[in-house]
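>>> What follows is a predicted protein model with its sequence.
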Amino acid sequence: GWDMPIQNIKLIAVAPMNMLQAEIYEYAFVLLGAIGFAGIVMFISAAVKNNVLTLLLSLAVVYGPM
């Protein structure tokens with residue numbers, strides 16, 4: 001059912017756009033990832049008082065896993 005339109009789900013049948021059910025999960029995970037990254041950056045910013053070090057650590061969080 002991943003390739004079924006979301007209009008087949010009765011809870012959100014009023015969706016004005018044509019979207020597949022798998023896309024809902026994709027957008028939800030992207031949103032959770034962005035919120036998680038923002039939380040990590042805010043924690044680093046609160047813990048480290050040096051602006052340059054905060055920037056470098058935040059960039060390390062982004063580019064480290066790559």
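Received the coordinates, thanks.

>>> got a list of what residue 48 touches?
Shown in contact with residue 48 (C-beta atoms under 8 Å, 6 or more residues apart in numbering): 54, 57. All C-beta spots, glycine's among them, are computed from the backbone N, C-alpha and C.

>>> Got phi/psi on it?
The phi/psi pair for residue 48 (degrees, to the nearest 10) reads phi -110, psi 130.

>>> which secondary structure elements does the longest helix anywhere in the chain contact?
Ordering each helix of the chain by length in residues (DSSP state H) puts helix 21-47 first. On a contact count with 3 or more C-beta pairs under 8 Å, 6 or more residues apart in numbering; DSSP states H and E, helix 21-47 meets helix 51-63.

>>> angle of the helix it packs on against helix 21-47?
150 degrees (axes from the mean of the first three to the mean of the last three C-alpha atoms, to 10 degrees).

>>> residue ranges with poor pLDDT in this structure?
Along the chain, the model assigns pLDDT under 70 to residues 1-2, 5-18.

>>> Noted, bye for now.
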